[in-house]
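Asker: Sequence unavailable; structure follows:
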């Protein structure tokens with residue numbers, strides 16, 4: 001599978017500037033799931049900026 005890092009980076013919703021996985025979505029998802037979290041792109045902008053990537057935060061922001 002080919003990674004479209006340039007296009008992914010352009011559309012990445014993560015505001016953590018120090019992220020070395022920016023644009024590498026499969027690596028980002030793998031990393032966050034290993035930490036029992038979701039990546040920033042799963043959250044609306046205001047919630048993403050809190051850096052709380054927990055499943056609990058996801059459920060709360062999406063009223064699940």
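Answerer: Sure thing, it's come through. A quick note: this is a predicted structure, and the numbers were derived from the prediction, not measured.
Asker: Which of the helices and strands in the chain ranks last by mean pLDDT?
Answerer: Among the helices and strands of the chain, helix 5-11 carries the lowest confidence by mean pLDDT, DSSP states H and E, at a mean of 92.
Asker: which residues sit against that one?
Answerer: By C-beta atoms under 8 Å, 6 or more residues apart in numbering, the surrounding residues in contact with helix 5-11 are 22, 23, 24, 25. Using the backbone N, CA and C atoms, a C-beta is placed for each residue, glycine as well.
Asker: Dump these to CSV, plus neighbour count and secondary structure.
Answerer: Shown next, in CSV, are the contacts of helix 5-11 (neighbours: other C-beta atoms under 10 Å; DSSP: H, G, I helix; E, B strand; the rest coil):
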residue, neighbour count, secondary structure
22, 16, coil
23, 19, coil
24, 18, coil
25, 18, helix
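Asker: Tell me the one of the residues you listed nearest residue 64?
Answerer: Distance to residue 64, by C-beta to C-beta, is smallest for residue 25 among these, at 22.5 Å.
Asker: quick one: contacts for the closest one?
Answerer: 3, 8, 39, 41.
Asker: Just the buried residues of the least confident helix or strand of the chain, please?
Answerer: For helix 5-11, the buried set under the neighbour-count rule, 16 or more other C-beta atoms under 10 Å, comprises residue 8.
Asker: and the next helix or strand along the chain from that helix, average pLDDT?
Answerer: Past helix 5-11, further along toward the C-terminus, the next helix or strand under DSSP states H and E is helix 25-34. The average pLDDT within helix 25-34 is 96.
Asker: Same question for stretch 57-64.
Answerer: If you average the pLDDT over stretch 57-64, you get 95.
Asker: What of stretch 44-53?
Answerer: Mean predicted lDDT for stretch 44-53 stands at 95.
Asker: Please point out which parts of it sit buried.
Answerer: 47, 48, 53.
Asker: pretty sure the second one is touching residue 15, no?
Answerer: Translated: residue 48. Yes: using C-beta atoms under 8 Å, residue 48 is in contact with residue 15, at 6.2 Å.
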